[in-house]
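K.L.:
what would the 3D arrangement of this be:
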Amino acid sequence: EVQFVESGGGLVQAGGSLRLSCEASGFTVDRYQIGWFRQAPGKLREGVSCISSNDGSTYYADSVKGRFTIYRDNAKNTVYLQMNSLKPEDTAVYYCKVPFRGRDYWGQGTQVTVYS
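P.N.:
Residues are numbered from 1 along each chain as shown. Next comes the predicted model:
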């Protein structure tokens, strides 16, 4: 069964850092493109970053470029999102997602709250 367990969210002051983890089971993370998304209250879910399966190339939304870093640890079957220089507008529930055998699988989400 494909599952994600996300962790690492919390309450942090603006300018601080958090590292989100997305531990996968039921598939290996280096064989699929994994994405991080977020959804703030009253807003649509948006893509934040993703990492490709073949060469590990990465993508970042303009709003997080230069502050967030996505990477994976194949030995732990986990994808991480390192978030630095956090801003109040980064406050959201963060989710990881994988397209697997024709459908999208989402984690349960982890709350990130940034206060000024």
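K.L.:
every contact and neighbour count from this point should use C-alpha atoms.
P.N.:
Noted.
K.L.:
can you give me the strands for this protein?
P.N.:
For the chain, the strands defined by DSSP state E occupy 3-7, 10-13, 18-25, 34-39, 46-51, 58-60, 68-73, 78-83, 92-100, 103-106, 110-115.
K.L.:
looking at the ones you listed, which one has the lowest mean pLDDT?
P.N.:
Lowest mean pLDDT within those: strand 3-7, at a mean of 90.
K.L.:
strand 110-115 and that one, what's the angle between them?
P.N.:
20 degrees (axes from the mean of the first three to the mean of the last three CA atoms, to 10 degrees).
K.L.:
helices or strands next to strand 3-7 in the packing?
P.N.:
strand 18-25, strand 92-100, strand 103-106 (3 or more CA pairs under 8 Å, 6 or more residues apart in numbering; DSSP states H and E).
K.L.:
which of those sits closest to residue 70?
P.N.:
strand 18-25 (9.5 Å; CA to CA).
K.L.:
convert the C-alpha atoms of the closest one to PDB, please.
P.N.:
Once non-C-alpha atoms are left out, strand 18-25 reads as follows in PDB (Å, rounded to 0.1, in the frame of the first residue of the first chain):
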ATOM      1  CA  LEU A  18      12.000  24.000   9.400                       C
ATOM      2  CA  ARG A  19      12.700  20.700   7.700                       C
ATOM      3  CA  LEU A  20       9.700  18.700   6.600                       C
ATOM      4  CA  SER A  21      10.000  15.000   6.000                       C
ATOM      5  CA  CYS A  22       7.900  12.700   3.800                       C
ATOM      6  CA  GLU A  23       8.600   9.100   4.600                       C
ATOM      7  CA  ALA A  24       7.200   6.800   1.900                       C
ATOM      8  CA  SER A  25       6.100   3.200   1.900                       C
END
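K.L.:
paired strands for it, with orientation please.
P.N.:
If you go by DSSP bridges, strand 18-25 pairs up with strand 3-7 (antiparallel), strand 78-83 (antiparallel).
K.L.:
ok so, going back, Throw the strands of the chain into JSON lines and include mean neighbour count, thanks.
P.N.:
Shown next, in JSON lines, are those (neighbours: other CA atoms under 10 Å):
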{"stretch": "strand 3-7", "mean neighbour count": "20"}
{"stretch": "strand 10-13", "mean neighbour count": "15"}
{"stretch": "strand 18-25", "mean neighbour count": "20"}
{"stretch": "strand 34-39", "mean neighbour count": "22"}
{"stretch": "strand 46-51", "mean neighbour count": "21"}
{"stretch": "strand 58-60", "mean neighbour count": "17"}
{"stretch": "strand 68-73", "mean neighbour count": "19"}
{"stretch": "strand 78-83", "mean neighbour count": "21"}
{"stretch": "strand 92-100", "mean neighbour count": "21"}
{"stretch": "strand 103-106", "mean neighbour count": "13"}
{"stretch": "strand 110-115", "mean neighbour count": "20"}
